[in-house]
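Chemist: Let me see the structure of the following:
(2 chains)
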Protein chains: 2
Amino acid sequence: MARPAGTGLLRKPDTTLPHRLERSARTEQGALHPTEDLLAWIEERNAAQLHDVRRIPFAELDKWRFDDATGDLGHASGKFFSIQGLRVHSDYGPVRTWTQPIINQPEIGILGILVREIDGVLHCLMQAKTEPGNVNGVQLSPTVQATRSNYTRVHEGNPVPYLEHFRDADAQHVLSDVLQSEQGSWFFRKRNRNMIVEVHGPVAEHEDFRWVTLGQLHRLLAVDNLVNMDSRTVLSCMPGGFEGAAEEPTGVSESLERSRDPLSGTLHTTAEVRSWITAQQSEHVVRTDLIPLNAVRRWRRGTHDIHHELGTFFNVVAVDVRSNSREVGGWTQPLLRPYGTGMVAVLVKRVDGVLHALMNARVEPGYLDVVELAPTVQCTPENYAGLGVEYRPPFLDLVLDRHPEQVLFDTELSEEGGRFHEARNRYQIIEVDADFPDADLPDYRWLTLHQLTELLKHSHYVNVQARSLIACLRGLR
Amino acid sequence: MARPAGTGLLRKPDTTLPHRLERSARTEQGALHPTEDLLAWIEERNAAQLHDVRRIPFAELDKWRFDDATGDLGHASGKFFSIQGLRVHSDYGPVRTWTQPIINQPEIGILGILVREIDGVLHCLMQAKTEPGNVNGVQLSPTVQATRSNYTRVHEGNPVPYLEHFRDADAQHVLSDVLQSEQGSWFFRKRNRNMIVEVHGPVAEHEDFRWVTLGQLHRLLAVDNLVNMDSRTVLSCMPGGFEGAAEEPTGVSESLERSRDPLSGTLHTTAEVRSWITAQQSEHVVRTDLIPLNAVRRWRRGTHDIHHELGTFFNVVAVDVRSNSREVGGWTQPLLRPYGTGMVAVLVKRVDGVLHALMNARVEPGYLDVVELAPTVQCTPENYAGLGVEYRPPFLDLVLDRHPEQVLFDTELSEEGGRFHEARNRYQIIEVDADFPDADLPDYRWLTLHQLTELLKHSHYVNVQARSLIACLRGLR
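Modeler: Reported below is the predicted structural model:
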């Protein structure tokens, strides 16, 4: 049929983007800053960012107080976040009804990475940033990491650098922009806007910021507690097409390259994966209600913490922070301090040379919807010590008993240091044989990278732990 | 790179499906039952399905009662649904805080259409079904329309015919399976599973069921109050590729055919559309809390209804139903009875021959998330009579003042008769000039059919009124 004359208004997707991302993923030599210089710069920023964090009793919190009626712990402004109670009724798992403290932070913040082509290679503007809950001071953070309270200036600090690139982004330069959830056991329906925006003109590199290639980030992800959670989740939402990029291909990188390609085939078609997720959302009935913190049972409030009577799960603590590098020089705040080191692992296998990852449709009470896709294993093993075998998470023993040659990735990474106190997880990617059984369990399925990348264009499909592992998986060589 | 030997386990999407759907959309002659026979069958079923609906006072409700403490109206079993109160705080629109009655139905039901190739043409198994709130008795319904209470047999009626095809569907035969929301002003976070499942063996046609082609359904959608809401929402989730199918192409059908093709180009790329939706979700802060029905202000409970003191919006009423065709012979229940006839209209325009539809990112308090995409206009004009111009919905006057030659579709269709009493909406598709201005308003954007079809693969993007109009739009000739 004849096509009417063109107005020039119609647009097509940018097909050059996957190639540009792949070039960045291949580039470690030839980056603007050699990787050793980046590591030295992080050491230097760590020393420069005066950072003194001290546990204090709740009574010494400034502007934070427990509400007389509810016991909720909140800020005098009503902004930031509050610690409230949550009551959960579920038809899932061995424990079906419980109450717990939870962080309620209804505002949507921005986690943004600015990218720019430098000498023909895309670089990401990364920030050396201290958070009070970090295990080690400075970590590598996104360009912008701002709550709505931050950027509407509730605490009257300095403006957030580079924020204007995200607040006033030209739609045509936005590579990714999607709401994603955070820890559903600790946050009530929290989500942040994960943004990647490309700039075309020059942008100054402030002293806490450096332009870094995807290839460098993939190298740095393997360093313990260096690339922070916010960077990992934004990177996981990067459009696909660069996975498996390697100077010298390996079996793993080839299987990643096939796994990113929709034409390679999949164990389950994408329509089947969506139907499986729909069935899992429909299968479970989970009802959650915010309740007063003082109505939470089996948790005790002391002078220095709120803890479960068994000493498991997590505590709520208070800290005093002195820093010369933040928008304000010093402050106090509560933090959630998890118990033990978490184990976050995904099993992968190559089927006809196409890498598949075993995902778990997992119920967590703080999700907006019922389930999100989690890694194969996500737990704190100590919480299961002494409990019966019926409580044992599937595949946990397989991860604990792994052989060294199965381990493709094994790094301790920590969770958001602005809300969590030393929340450490050991992230692992473990390869199993191609004939490892297909899912017998209704809440587990093997997915390809292409399928995960498509789901990550939308909200509330893939949880934050899985997003961290996907960021790491994409960079394997 | 060399590909390892194949196991035969990897699968590819079914590329024949769009062609098979298109053949069905082209087929009106040559269908199993001529369209006139279908209309006669509906008349006949309407006479056969004894159906006597009578308004009764609340005091005559059987097994439904107002809770003494909360005033909530619920069923003795705790199942089905209840009428509760909702408190809304929003930063959006001229009225930002209010309370209202709302239907709470936390269970997820199944709306399913069974499809089958008959003589090489896909047919949908449609049901002639009476609902107590229907304006006219029998309407054309999906194969299965079952709440969880229905299929777990809470009211101990007959089993739901054909349900097993959806409950035990082989993943490979599921064409569509997605949770979709329903009216966000009347339901609290209600959603149903919209399923389309293909069967390959013979399936008996019970007397209330007929096999119908997509082409026939498109013809029947233009008949007032014939194709019910549940059919329309399931049809809107049909995989795309058949839009604009016509024996004799017209300008409109050609523009639909281009609009379904991702290669035709779009005013906004799909990445930009997602970013716009993310921005709209982030822009508004809406907090909703279920409250006791007797804490709702400005609504009055009488002996026969619950109504707003102005007489606007809707009433809650009670009915007594006698029927010989339902799972049980008779029952009583509450229904929500809206005030006036709604106006639901979408503006479309052809840009370089590619049809675009003007969608509105709309806040409704019952959505799981903050906004969903609605038609250009969705309101009950009477509710705005006597209010100032600042309350006037954008584009409403343009719809009211349309010229006849702009009208591509104009049919009265009614909403779910199992919950709503004579809820009528006038659905219209109105074409504007190609140079009609691109969106000046931040909450409106022009999208192609392909973009809408992609969003409809996922939950909570497109509201139920827009889904009805999309089902109609796809069938235009």
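
Chemist: Could you use CA atoms for every contact and neighbour count after this?
Modeler: Fine.

Chemist: What residues does the stretch 351-477 of chain A have near chain B?
Modeler: When proximity is defined as C-alpha under 8 Å from any C-alpha of the partner chain, the stretch 351-477 of chain A approaches chain B at A:351, A:352, A:353, A:368, A:369.

Chemist: nearest to residue A:436, of these?
Modeler: Of all those, the one sitting nearest residue A:436 is residue A:351; the distance, using C-alpha to C-alpha, is 9.8 Å.

Chemist: Okay, and the beta partners of the closest one?
Modeler: Bridge pairing for residue A:351 (DSSP bridges) gives the partners residue A:354.

Chemist: What count of nearby residues applies to the residue in the stretch 301-450 of chain A that chain B sits nearest to?
Modeler: In the stretch 301-450 of chain A, the residue that lies nearest chain B is residue A:352 (5.2 Å; C-alpha to the nearest C-alpha). When counting by other C-alpha atoms under 10 Å in any protein chain shown, one arrives at 20 neighbours for residue A:352.

Chemist: now residue A:403
Modeler: Other residues close to residue A:403 by other C-alpha under 10 Å number 11.

Chemist: Please report phi then psi for it.
Modeler: phi -90, psi 150 (degrees, to the nearest 10).

Chemist: about what we covered before: quick check: phi and psi at the residue of the stretch 301-450 of chain A closest to chain B.
Modeler: phi 50, psi 40.

Chemist: Run through the strands of the stretch 351-477 of chain A in chain order.
Modeler: With DSSP state E, counting those that start in this stretch, the ranges of strands along the stretch 351-477 of chain A come out as A:354-363, A:371-374, A:377-379, A:407-414, A:424-431, A:444-448.

Chemist: Pick the most deeply packed of the ones you listed.
Modeler: Burial of the strands of the stretch 351-477 of chain A is given as mean neighbour count (mean count of other C-alpha atoms under 10 Å in any protein chain shown); strand A:371-374 ranks first at a mean of 26.

Chemist: Centre of the chain to that one, how far?
Modeler: Counting by C-alpha atoms, centre = their mean, to the nearest Å, strand A:371-374 is centred 13 Å from the centre of its parent chain.

Chemist: Give me the contacts around stretch A:294-308.
Modeler: Contacts with stretch A:294-308, where a contact means C-alpha atoms under 8 Å, 6 or more residues apart in numbering or on different chains, come from A:56-59, A:70-72, A:85-87, A:99-101, A:309, A:314-318.

Chemist: ok, back up a step: adding pLDDT as columns, could you present the residues of the stretch 351-477 of chain A next to chain B in JSON lines?
Modeler: Shown next, in JSON lines, are these (pLDDT from 0 to 100):
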{"residue": "A:351", "pLDDT": "96"}
{"residue": "A:352", "pLDDT": "95"}
{"residue": "A:353", "pLDDT": "96"}
{"residue": "A:368", "pLDDT": "94"}
{"residue": "A:369", "pLDDT": "93"}
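
Chemist: Select only the buried ones of these in ChimeraX?
Modeler: Buried residues among these (16 or more other C-alpha atoms under 10 Å in any protein chain shown), as a ChimeraX selection:
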select /A:351,352,353,368,369
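
Chemist: so what's residue A:191 up against?
Modeler: Counting by C-alpha under 8 Å, 6+ apart, residue A:191 has contacts A:108, A:109, A:179, A:180, A:181, A:182.

Chemist: isn't residue A:131 right up against residue A:417?
Modeler: Yes: if you go by C-alpha atoms under 8 Å, residue A:131 and residue A:417 touch, sitting 4.9 Å apart.

Chemist: Around chain B, which positions in the stretch 51-200 of chain A sit nearby?
Modeler: For the stretch 51-200 of chain A, the residues in contact with chain B (C-alpha under 8 Å from any C-alpha) are A:107, A:108, A:171, A:172, A:174, A:175, A:176, A:177, A:178, A:179, A:193.

Chemist: Could you work out the most separated pair of those residues?
Modeler: A:107 and A:172, at 25.8 Å, using C-alpha to C-alpha across those.

Chemist: For those two, indicate the residue with more neighbours.
Modeler: Taking other C-alpha under 10 Å, residue A:107 and residue A:172 do not tie; residue A:107 has more neighbours (18 against 15).

Chemist: That one and residue A:147 touch, don't they?
Modeler: Yes: with contact defined as C-alpha under 8 Å, residue A:107 reaches residue A:147; the gap is 7.2 Å.

Chemist: Which residues are in contact with each of those two?
Modeler: Shared contacts of residue A:107 and residue A:147, defined by C-alpha under 8 Å, 6+ apart, comprise residue A:80.

Chemist: what would the strands of the stretch 351-477 of chain A look like in JSON lines with distance to residue B:275 and mean pLDDT?
Modeler: Below are the strands of the stretch 351-477 of chain A laid out as JSON lines (distance: least, C-alpha to C-alpha, whole Å; pLDDT from 0 to 100):
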{"stretch": "strand A:354-363", "distance to residue B:275": "26", "mean pLDDT": "97"}
{"stretch": "strand A:371-374", "distance to residue B:275": "21", "mean pLDDT": "98"}
{"stretch": "strand A:377-379", "distance to residue B:275": "30", "mean pLDDT": "97"}
{"stretch": "strand A:407-414", "distance to residue B:275": "28", "mean pLDDT": "98"}
{"stretch": "strand A:424-431", "distance to residue B:275": "30", "mean pLDDT": "98"}
{"stretch": "strand A:444-448", "distance to residue B:275": "25", "mean pLDDT": "97"}
